[in-house]
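1. Compute the structure for the input listed below.
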Amino acid sequence: EGVWKYEHLRQFCMELNGLAVKLQAECKPETCTQMTATEQWIFLCAAHKTPKECPAIDYTRHTLDGAACLLNSNKYFPSRVSIKESSVAKLGSVCRRVYRIFSHAYFHHRQIFDVFENESHLCRRFTVFVKKYKLMTKDNLIVPMLDGESGTESDA
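-> Below is the predicted model:
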């Protein structure tokens, strides 16, 4: 199951780069000075020695770069066939950070989010994934899933 989680997260991160590219058109350091979702959520970037505020587009780049570095690390993931439980435990924090990209896009760049989501269903698939494997708590899943998706909450 650890390998399954790992491989899916790698794939999600690769696909999420597509959203990051689309966001660059309007998510600028001057306009999105912080990584936020709703007014109650401001996220600190973990890519720095001490976590700090970053413009949203930088946070997005740092998070995807950091996820790629971790998921391709020979130290934590020397094999893609067998994964130690201590390495699997790191996947939850990657999921939380990656999900923040979805939430920022949804709440601040809705048109870009909607076009990307209608093509890829990536946020929906990611949400189902993290619920199924309990990689994130429901209170952190703040992007509404529509079109009958409310039923998946009981499936998770």
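2. For the closest residue to residue 47 other than its chain neighbours, which residues are in contact?
-> Using CB to CB, 6 or more residues apart in numbering and skipping the chain neighbours, the partner closest in space to residue 47 is residue 62 (3.6 Å). Bear in mind the C-beta positions are built from the backbone N, C-alpha and C, glycine included. If a contact means CB atoms under 8 Å, 6 or more residues apart in numbering, then residue 62 has 45, 46, 47, 54 as its contacts.
3. ok, and the spatially most central residue of the chain, which helix or strand is that part of?
-> Nearest to the geometric centre of the chain sits residue 98, at 1.8 Å (CA atoms, centre = their mean). Residue 98 is located in helix 91-108, with elements delineated by DSSP states H and E.
4. average pLDDT across that helix?
-> For helix 91-108, mean pLDDT is 95.
5. so how far is that helix off the chain centroid?
-> Its chain's C-alpha centre and that of helix 91-108 lie 4 Å apart, by CA atoms, centre = their mean, to the nearest Å.
6. So which bits of the following helix or strand past it are buried?
-> Using DSSP H and E, the helix or strand that follows helix 91-108 towards the C-terminus is helix 110-120. Burial within helix 110-120, assessed by neighbour count using 16 or more other CB atoms under 10 Å, is assigned to 112, 113, 116, 117.
7. swap in stretch 2-22?
-> 2, 5, 6, 8, 9, 10, 12, 13, 16, 19, 20, 22.
8. Kindly reformat those residues as CSV containing pLDDT.
-> What follows is the buried residues of stretch 2-22, written out as CSV (pLDDT from 0 to 100):
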residue, pLDDT
2, 83
5, 90
6, 89
8, 94
9, 94
10, 93
12, 97
13, 96
16, 97
19, 98
20, 97
22, 97
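9. remind me, longest helix of the protein?
-> helix 2-23 (DSSP state H).
10. tell me what the following helix or strand past that one is packed against?
-> Downstream of helix 2-23, the next assigned helix or strand under DSSP H and E is strand 35-36. Strand 35-36 makes packing contacts with strand 42-43, helix 56-71, helix 91-108 when contacts are defined by 3 or more CB pairs under 8 Å, 6 or more residues apart in numbering; DSSP states H and E.
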